[in-house]
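# Turn this into a structure:
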Amino acid sequence: MGIRIHEEEASMTCVICKSSETQPGTATVTLEREGATVVIKRVPARVCKNCGEEYVDESVTARLLKIADEAVRAGVQVDVRTYAAA
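Residues are numbered from 1 along each chain as shown. Below you'll find the predicted structure:
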């Protein structure tokens, strides 16, 4: 399953399986940057009821990228966090 960026909060038809609508849920996102691996749990997402594909909106994605940048600057090699909105 991949993570897709999506701008809307409304339900949408999954672009992968094309047979189901998404619903609010959470995802676990893994980001790798400059030798650092950051795992963020409980990320708000839209999740396909059929195939489980996860869609993360732009504001959440921006927060995830900021978290990864902070980890790289701190010299972290592996970090596991729970998502918290800014």
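# so where's this structure shaky on pLDDT?
Where the chain drops to pLDDT under 70, the residues are 1-10, 86.
# Now do the strands in it.
3-6, 22-33, 36-48, 54-57, 78-82 (DSSP state E).
# between those, which gets nearest to residue 69?
Using CB to CB as the measure, strand 22-33 is the one of the strands of the chain that comes nearest residue 69, at 7.4 Å. Backbone N, C-alpha and C define where each C-beta goes, glycine included.
# Relative to the closest one, what are the paired strands and their orientations?
If you go by DSSP bridges, strand 22-33 pairs up with strand 36-48 (antiparallel).
# contacts for the strand it pairs with?
For strand 36-48, the external contacting residues (CB atoms under 8 Å, 6 or more residues apart in numbering) are 3, 6, 9, 11-12, 14, 16-17, 20-32, 53-57, 60, 64, 67-68, 71-72, 76-83.
# Narrow these to just the buried residues.
With burial judged by 16 or more other CB atoms under 10 Å, the buried subset of these is 3, 6, 14, 16, 20, 22, 25, 27, 29, 31, 53-57, 60, 64, 67-68, 71-72, 79, 83.
# Return the distance of residue 36 relative to residue 30.
Distance check for residue 36 against residue 30: by CB to CB, to the nearest Å, it reads 11 Å.
# And for residue 45?
Distance from residue 45 to residue 30, by CB to CB: 14 Å.
# Show me what residue 45 is bridged to.
Residues in beta-bridge contact with residue 45 (DSSP bridges): residue 25.
# what do you get for residue 36?
residue 33.
# Okay, and the beta partners of the closest residue to residue 81 other than its chain neighbours?
Closest residue in space to residue 81, ignoring its immediate chain neighbours: residue 40 at 5.3 Å, by CB to CB, 6 or more residues apart in numbering. Counting by DSSP bridges, residue 40 is bridged to residue 29, residue 81.
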